[in-house]
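Chemist: no sequence on this one, just coordinates:
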């Protein structure tokens, strides 16, 4: 379909809507939409496979605006294509309660595939989305049925491509031959501080070639035909992901074109008018569109609806002719899990084992029951114990790329059809914290497995010993942080994480731990509730000890010793602080009483425990960086022995 | 000096010492030392300018073992060269209290230039070290006096180069033309999970060429001559940093050569013996060295001592002939600051201003008094207000590279001679958290300026609004987190940070804040102590309100309103929690009493405040992600108005 005047009008509709939104809000980023609207339009009108009437269509192309500050452009597109985003919402851009927040938010606005804004994240999410497509395609497609068969498109700016995460993700995408990943790079030569030449003089084309991408160039970002040709070429390349370098003018047609101030400052009223005039835009009044556009976009949207219809027909035939894989696909796409995820027969442990080892066992048993459970490690699988023994194809290898791993897992989770996880040492959660935060904000069912969760790391020393990390993860809103105490709790934590389908971290020990398991049902129910009384003394207790993870066995040991001194201690295991806090008051107060003195034991910073315990509390914690020595010596150095704990508790009481 | 047999013996001494250390500790990484010892030795013996008798010599070449897990190799070198690291310490590798921890620790072991281990950090530190050299050279060198004239060498492995931070830092180094930065890349084709081809198939040479580096190759990492030639060539290149790709064999000469297990698993006793045999090593007994080596290394070390002597002579003449710059250099190198860092005349504010604006003013006044104060932003200077108006040469442009910025600032700080800072939005502290942690662990005088420190970010919305970040930074041990309440506190916070010379974060508001300043001296003294009573009621108070940053003015407003209801509130401003906790008990209890009910007000997660307040406490905080809307509406949405606070306090009491 050749481009005509109506297409140019459509491009300018995107531009002027975006400019009007930013001006009305007196806040936002007019530069990107003005420069990049033609690229976005060429993509959406001629290539993007999507059905505005059903933004959830599984085989739609995924579109990621990695440069999330260009949100106004995305909202304009969603409005024009009929995603149900009203003109009223555009007028409420960046206002409280609107569907048009400052940066696109997944789950809030239909058609937004992922939350973007923090630079580089969207680009890496796109790698995850493309990987999900490829992975699922391998499983379900046949020569006759290309059921999973979509592209993933990303729009990225200079900022995205300066971020380390974009290099990591690009290196991985090139390695994995994600040929259906296509990134349009908005190369406008401008960043916030000035010309990109101020800081960014690498050869982006050569860089992507070095990372096994195809790199194409569009010399004039306003030329719809040239953009279209490049997109076609990108789609034809099956093996390599494609970067399309689009030379654009930031703030195009505005009086501030090519100036850095147009990146994030609204145009003034007269500048808006001048822009519209320069574009030959027929309407002066804001948020006004020429009538010809509505039927034009309806036509475009109808093509998407037809595409889905065709796909649904294909799916129907697939179900008839390939009932087994079709049923499997149904399972992958639903959140349903087998009723019995953990079986009693799984829980046979004849000697102490690290929770990372228990997790390995759990993971490999769960693999048989949750077909779409996949994941891997940032080059630490032999240590994180996150490989699938019987299903090597499900083991992902992220390389030493924690940050990209986090965002790729988010992309896998957002795509649908998979239950993904990523793993590394807890101390390296710092490298991927921005991605973890976004998982939490989106409510994406991403699972992050962090082993070596304390100074129990031992000889590798303080650079590798997390101290502040457990609590620092708990600080992130809407994130469940699990730290099981033994093999049983590890199994049940995996179950809880999979069942809730919410973003979660699973913190596991490097060192061996005794298996508590005498009271299987109690543990199972207790883990589900985040915390529970593991050991209550027969008589009324003198104190309550609350411990997590590897410190629970220490707490039990200390309680025994205290008993011989005539002190009765109740021991609470708290595998998930966040889940416990969500229990009803009655349950919570049955576990953590009001009046007794309390002792918390966790091999990390103690800050924050008093918020839960209230009243008289002793934190047995680690407040400084760790030490390099065998684990037991480090624990002893920090007073994490039963004797030392008993002594502290006696002094405290 | 051509290489002879004694050189080969020296190389094998490094190897066998490292292997013995790892074996004795039964923990550590034998793979790297065995493979990379020739490269390290070629560098140290023929190029590295250093004086083991004075590891602090200012113009020494800097050597960074970015692949910090190869610590045994570095310790062996330090021992052999006479850095005072005894054989006893080598035998105590990775033991409690030794000078030979699992990963090299700056400040603990002489000759260790930076703490490494978390991959990619050392590489980026090296960029900072090289930048410091270049910057100081421009200021102090003359054609006659090349006073600041050293190289910075880094050894990096595949893991380092897979990390996003290494791409960011390399891009910056290439852009800045850091020709005296030379990185030896240990290309052994192996990572922990297997062959690098499992995940890392990019063309590293092309990648570095794309980032404006020179890229050289050494086909045989055991060939001292070839290594030497490459190092010479690298040093001759004045404009571009150099990467020397050294093809090595991990675990060379051991029975596990070229296997991934040799990366991080000790060799067994018989494997150690086999390795020594393969190397033709004359001593079976561990930690034993042929006698010929001592005089050999003494000779090498003497050359370093001579070099320093020569430099000291040059410095002497420089002092005579260029007294003014010499005096300036003296000031740069000392930690001394002018007695009056902040002058009364500075503190004239006639209207409300954001603390980021106050910081801009402070920074530019301080620039006149602290000649070596430099820094910049990750492409947000117009927003972070961290540019030097009268000294543009001191403004650094890091690009959108927060993580590299953090580690480069650490490198600048470790080099000596400069007082560096890096700035971005608080929410992006997540991108650089690993670097902040290392600054704290090293005690490096790095300053991190984080503006837009709450939901006061406004329209940019939750992706850009920090909520958990203030407390998450406070969790990092040995890091001072400053959050001043107004312009006065901002000035005094800058003063405190510069005077203490310790790692610090400075959190600043986007939004305008009233200026409190009626009691200048009280504020000045109070800020120094981390927290102070800003407003004590004439009569005994009914409650204590503790607030930080932008919430202090709210606390004052609320206190006034409470007064009219007959409730007397004391208001405490707490610009630095960590510094306050270090005050003596008497001072602390004079500020925060024991018995009164307490209210904390901070626009972020409240977790952790109760650790300080004890007793009955109400946290007025934000426990969820933020919202996209104008700042005042977001604050109102979360109850951060004086009226809403008063209501909550009344309900609480």
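Modeler: The structure has been received and is ready for your questions. Everything quoted here is computed from the prediction, not taken from an experiment. Residues are numbered from 1 along each chain as shown, chains lettered A, B, ... in the order given.

Chemist: And residue A:248, what's its pLDDT?
Modeler: Here, the pLDDT recorded for residue A:248 equals 97.

Chemist: Same check on residue A:539?
Modeler: Reported pLDDT for residue A:539: 80.

Chemist: That one reaches residue A:567, doesn't it?
Modeler: No - the pair residue A:539 / residue A:567 is not scored as a contact, 11.2 Å apart, by Cβ atoms under 8 Å. Bear in mind the C-beta positions are built from the backbone N, C-alpha and C, glycine included.

Chemist: ok, these two, which is more surrounded?
Modeler: For residue A:539 and residue A:567, the more surrounded residue by other Cβ atoms under 10 Å in any protein chain shown is residue A:567, and the numbers stand at 18 against 7.

Chemist: List the contacts of that one.
Modeler: Residue A:567 makes contact with A:542, A:543, A:649, A:650, A:653, according to Cβ atoms under 8 Å, 6 or more residues apart in numbering or on different chains.

Chemist: Look up phi and psi at it.
Modeler: phi -110, psi 130 (degrees, to the nearest 10).

Chemist: Chain B contacts on the stretch 51-200 of chain A?
Modeler: Contacts of the stretch 51-200 of chain A with chain B, taken as Cβ under 8 Å from any Cβ of the partner chain, map to A:68, A:94-98, A:101-103, A:105, A:115-119, A:158-159, A:162-168, A:171-172, A:174-175, A:191-193, A:198-200.

Chemist: What about the residues you listed, which are in helices?
Modeler: Assigned to helices by DSSP state H, the following of these qualify: A:158, A:159, A:162, A:164, A:165, A:166, A:167, A:168, A:171, A:172, A:174, A:175.

Chemist: Looking at the residues you listed, which one is closest to residue A:578?
Modeler: residue A:165 (26.3 Å; Cβ to Cβ).

Chemist: So the nearest residue to residue A:582 once chain neighbours are set aside versus residue A:492, what's the distance?
Modeler: Spatial nearest neighbour of residue A:582, chain neighbours left out: residue A:530 (7.2 Å); criterion: Cβ to Cβ, 6 or more residues apart in numbering or on different chains. Using Cβ to Cβ, to the nearest Å, one gets 11 Å for the distance from residue A:530 to residue A:492.

Chemist: Compare the contacts of residue A:567 and tell me which has the most neighbours.
Modeler: residue A:649 (24 neighbours).

Chemist: what about that one, helix or strand, and which?
Modeler: helix A:642-652 (DSSP states H and E).

Chemist: ok, and the closest non-adjacent residue to residue A:649?
Modeler: The nearest residue in space to residue A:649 (Cβ to Cβ, 6+ apart) is residue A:599, at 5.6 Å.

Chemist: any idea how chain A splits into domains?
Modeler: Following automatic domain parsing, one finds the domains of chain A at A:5-305, A:344-513, A:529-652.

Chemist: just the strands in the stretch 351-500 of chain A please.
Modeler: A:353-354, A:373-377, A:395-397, A:419-425, A:447-451, A:480-482 (DSSP state E, counting those that start in this stretch).

Chemist: which one of those strands lies closest to chain B?
Modeler: Set against chain B and scored by Cβ to the nearest Cβ, the strands of the stretch 351-500 of chain A come closest in strand A:395-397, at 4.7 Å.

Chemist: does any part of that closest one sit near chain B?
Modeler: Yes - Strand A:395-397 lies within reach of chain B by Cβ under 8 Å from any Cβ, at residue A:397.

Chemist: Would you state the helices of the stretch 501-650 of chain A in chain order?
Modeler: Along the stretch 501-650 of chain A, counting by DSSP state H, counting those that start in this stretch, helices occupy A:520-528, A:551-564, A:577-581, A:585-591, A:609-613, A:631-637, A:642-652.

Chemist: gap between the second one and the chain center?
Modeler: Helix A:551-564 has its C-alpha centroid displaced from the chain centroid by 39 Å (Cα atoms, centre = their mean, to the nearest Å).
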